[in-house]
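S.K.: Provide a 3D model corresponding to the input given below.
(2 chains)
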2 protein chains.
Amino acid sequence: MNIVLLGSGNVATRLGIAFSNAGHSIVQVWSRNIIHAKLLADQLETEAIDQLNELTTDGDLYIISVLDDAIPSLIKQLDYLTAPVVHTSGSTDMQVLAPFFMDYGVLYPLQTFSKSVDIDLSHTPFLLEASNDAVLEKLKSLTSSVSNTIQYCNSEQRIKLHIAAAFSCNFSNHLYAIAQELLSENNLDFDLIRPLILQTAEKVMHALPSEVQTGPAVRMDQLTLDRHRNQLLNHPDWFRIYNLLSDDIIKNIKR
Amino acid sequence: MNIVLLGSGNVATRLGIAFSNAGHSIVQVWSRNIIHAKLLADQLETEAIDQLNELTTDGDLYIISVLDDAIPSLIKQLDYLTAPVVHTSGSTDMQVLAPFFMDYGVLYPLQTFSKSVDIDLSHTPFLLEASNDAVLEKLKSLTSSVSNTIQYCNSEQRIKLHIAAAFSCNFSNHLYAIAQELLSENNLDFDLIRPLILQTAEKVMHALPSEVQTGPAVRMDQLTLDRHRNQLLNHPDWFRIYNLLSDDIIKNIKR
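M.R.: Just a heads-up that it's a prediction; the model follows:
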């Protein structure tokens, strides 16, 4: 499949590399920023552009992976395209594409991507939505070349998944970052906590999180909770996070 | 080494099994609750007791793994013991043991344990503290039979590690539980989010969390943040957690 990538961020980078490795051709990479476009295009051995009037009309599929708030102005300028146009956004309704295209859809990889971190996508769920069956089949064919988990998902469900991802990925990572800071302040190596972080994730691969909650809050161990709070008095933001999350764990037991 | 375990919870269970598998003898398991004591003692093929006056005085090491607030009253009743007595608590100062024993210390495994989840402890850091070198050597010898990461750590540092563990493990797991609830409410399978959870943890095995933060908050993508908030209006607790963590991610960028 001849794919045109619009965007050059974390998602565009990881999808471009995966589709290219699976034998598809990325025929162009467009980005508002030509340096970013070139960085990705060089990895994919393809052409970089920063002008939309240089965009090829020969693509089989146009994948838009830009910031959510940049989607509306971008798609308005692409309304002449006849091949399917899809976005990869977790929280943008597919219908934003409807006024501009005949064939359109959404290809949402439920994963955390960093430009610098290689990833095998075979276990990454791809959530697909499309304006018609032909587009859906095209998206299935493309994504099944890189992943074993392909699923239809409408826009309402997709935003719920996106929020669930914010909690379980973005916010978890921020909690790791708070731990990183706490350890660093006390001359303790982040390596000490890495096995715990990995085990915490691995535990829920075969159990549900609500079944394997540990720590002072779920034990309602007020002595330890108070000791921890005393140590956080110099960090009012973390103190608030500590209390809000501990209280919510305790509420969960009582629900 | 002949070990006496006082306690039968998650930590006592996992340590008992690991030390026993490494060739040490667990000679007794004491618990206030004889049913819990028996459950663990049966796995270790040893004796269960619930009366302290049945406690053997022949142990080489007494390991106390009970709730933090149960430690003071327990150790008061053990002051006749001559072999080293250690606790496994992350947030209890070693000095609580000083009035009652000649030889004492702390053996703190930095890990999340569940009775029902098997674990290989070889990558689990054991943080040790002791009243004297002989006890420290004894604890090193014991823990190095199950783990490759043994480190000295004083009580002040240990509570910092324990708080870092609360953030990166207990609270992360609770965020997974929120995601579990959100998905379940929308008839979406928790399996969809499992690969994301694992990848989030695996990413920080070779990078620092602050370097690999992703999501709408770190992009300061207000459109997506607002869309997510709109979807959380029916969940005021999660709405507050969402805002507090997003705000803290944004503050972190500006720090």
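S.K.: where in chain A is pLDDT low?
M.R.: A:255 (pLDDT under 70).
S.K.: And the helices in it?
M.R.: Defined through DSSP state H, the helices belonging to chain A, from first to last, are A:10-21, A:34-44, A:71-76, A:133-143, A:155-165, A:172-185, A:194-203, A:222-231, A:236-254.
S.K.: dump the residue contacts of residue A:238.
M.R.: A:178, A:182, A:232, B:167, B:248 (CB atoms under 8 Å, 6 or more residues apart in numbering or on different chains). From N, CA and C alone the C-beta is placed, and that goes for glycine too.
S.K.: Could you do residue A:139 as well?
M.R.: Taking CB under 8 Å, 6+ apart, we find residue A:139 in contact with A:84, A:86, A:105, A:107, A:128, A:130.
S.K.: From residue B:227, how far out is the nearest residue to residue A:123 once chain neighbours are set aside?
M.R.: In this structure, residue A:123 finds its nearest non-sequential neighbour in residue B:195, 4.4 Å apart by CB to CB, 6 or more residues apart in numbering or on different chains. Computed as CB to CB, to the nearest Å, the residue B:195 to residue B:227 distance reads 23 Å.
S.K.: As a markdown table, the contacts of residue A:238 with neighbour count would be great.
M.R.: Converted to a markdown table, those look like this (neighbours: other CB atoms under 10 Å in any protein chain shown):
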| residue | neighbour count |
| --- | --- |
| A:178 | 25 |
| A:182 | 23 |
| A:232 | 19 |
| B:167 | 27 |
| B:248 | 19 |
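S.K.: As JSON lines, those with distance to residue B:17 would be great.
M.R.: Output for the contacts of residue A:238, formatted as JSON lines (distance: CB to CB, whole Å):
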{"residue": "A:178", "distance to residue B:17": "32"}
{"residue": "A:182", "distance to residue B:17": "30"}
{"residue": "A:232", "distance to residue B:17": "34"}
{"residue": "B:167", "distance to residue B:17": "27"}
{"residue": "B:248", "distance to residue B:17": "38"}
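S.K.: Residue A:134: which of those residues is nearest?
M.R.: Within the contacts of residue A:238, distances to residue A:134 taken as CB to CB reach their minimum at residue B:248, with 45.3 Å.
S.K.: For residue A:241, give its distance to chain B.
M.R.: Computed with CB to the nearest CB, to the nearest Å, the distance linking residue A:241 and chain B is 6 Å.
S.K.: What of residue A:109?
M.R.: The gap separating residue A:109 from chain B is 10 Å, by CB to the nearest CB.
S.K.: Quick check: bridge partners of that residue?
M.R.: residue A:126 (DSSP bridges).
S.K.: That one: what's it in contact with?
M.R.: A:11, A:14, A:15, A:88, A:121, A:124, A:125, A:126, A:127, A:147.
S.K.: can you pull the contacts of the first one?
M.R.: When the contact criterion is CB under 8 Å, 6+ apart, the partners of residue A:11 are A:65, A:88, A:109, A:113.
S.K.: So chain A: which segments form each domain?
M.R.: Domain assignment for chain A, taken from automatic domain parsing, gives A:2-153, A:159-254.
S.K.: Show me the one of the ones you listed that comes nearest residue B:216.
M.R.: The stretch from these with the least distance to residue B:216 (CB to CB) is domain A:159-254; that distance is 6.9 Å.
S.K.: and the spatially closest residue to residue A:142 that is not a sequence neighbour, how far is that from residue A:13?
M.R.: Once its chain neighbours are removed from consideration, residue A:142 has its nearest residue in residue A:1; the separation is 5.8 Å (CB to CB, 6+ apart). Taking CB to CB as the measure, residue A:1 falls 18 Å from residue A:13.
S.K.: Between those two, which is the more surrounded one?
M.R.: Between residue A:1 and residue A:13, counted using other CB atoms under 10 Å in any protein chain shown, residue A:13 has the larger neighbour count: 23 against 16.
S.K.: Surely that one and residue A:40 touch.
M.R.: Yes: proximity of residue A:13 to residue A:40 meets the contact threshold set by CB atoms under 8 Å, at 5.5 Å.
S.K.: circling back: ok, the contacts of residue A:238 vs residue A:61, which is closest?
M.R.: Closest to residue A:61 out of the contacts of residue A:238 is residue B:248 (38.5 Å), distances taken as CB to CB.
S.K.: Quick check, that closest one in contact with residue A:241.
M.R.: Yes: contact between residue B:248 and residue A:241 holds when scored by CB under 8 Å: they sit 6.6 Å apart.
S.K.: so what sits against both of those two?
M.R.: Taking CB under 8 Å, 6+ apart as the contact rule, residue B:248 and residue A:241 both touch residue A:178.
S.K.: ok so, going back, of the contacts of residue A:109, which pair is most distant in space?
M.R.: The span of those, defined through CB to CB, is set by A:14 and A:127 at 15.7 Å.
S.K.: For the stretch 51-200 of chain A, give the residue positioned nearest to chain B.
M.R.: Per CB to the nearest CB, the residue of the stretch 51-200 of chain A with the smallest distance to chain B is residue A:170, at 3.1 Å.
S.K.: check contacts around that residue.
M.R.: With contacts defined as CB under 8 Å, 6+ apart, residue A:170 is in contact with A:112, B:213, B:214, B:215, B:216, B:217, B:218, B:249.
S.K.: Let me know the outermost residue of chain A.
M.R.: Farthest-out residue of chain A from its mean C-alpha position, per CA atoms, centre = their mean: residue A:223, at 38.6 Å.
S.K.: For the closest residue to that one other than its chain neighbours, give its distance to residue A:226.
M.R.: The spatial neighbour of residue A:223 that comes closest, neighbours along the chain excluded (CB to CB, 6+ apart), is residue B:69 at 4.3 Å. Residue B:69 sits 10 Å away from residue A:226 when distances are taken as CB to CB.
S.K.: Kindly report the same for residue A:192.
M.R.: According to CB to CB, residue A:192 stands 24 Å off from residue A:226.
S.K.: Between the two, point out the one with more neighbours.
M.R.: A count of neighbours by other CB under 10 Å puts residue A:192 above the other of residue A:192 and residue A:226, at 20 against 12.
S.K.: Let me know whether that one touches residue B:158 as I believe.
M.R.: No: Residue A:192 is beyond contact range of residue B:158, at 10.8 Å (criterion: CB under 8 Å).
S.K.: Please identify every residue contacting each of these two.
M.R.: The contact sets of residue A:192 and residue B:158 overlap at residue B:127 (CB under 8 Å, 6+ apart).
S.K.: Check the burial of the residue lying closest to residue A:108 once chain neighbours are set aside by counting its neighbours.
M.R.: Of all residues not flanking residue A:108 in the chain, residue A:127 sits nearest, at 4.3 Å (CB to CB, 6+ apart). Residues near residue A:127, counting by other CB under 10 Å, number 24.
S.K.: quick one: residue A:127 and residue B:195, what's the gap?
M.R.: Between residue A:127 and residue B:195 the distance, using CB to CB, works out to 12 Å.
S.K.: quick one: common contacting residues for these two?
M.R.: residue A:110.
S.K.: how about the helices of chain A in CSV, adding distance to residue B:55?
M.R.: Supplementary listing: the helices of chain A in CSV, determined by distance: least, CB to CB, whole Å:
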stretch, distance to residue B:55
helix A:10-21, 58
helix A:34-44, 66
helix A:71-76, 69
helix A:133-143, 62
helix A:155-165, 49
helix A:172-185, 37
helix A:194-203, 32
helix A:222-231, 24
helix A:236-254, 33
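S.K.: Just name the most buried of those helices.
M.R.: Each of the helices of chain A was given a mean neighbour count from mean count of other CB atoms under 10 Å in any protein chain shown, and the largest, a mean of 23, is that of helix A:172-185.
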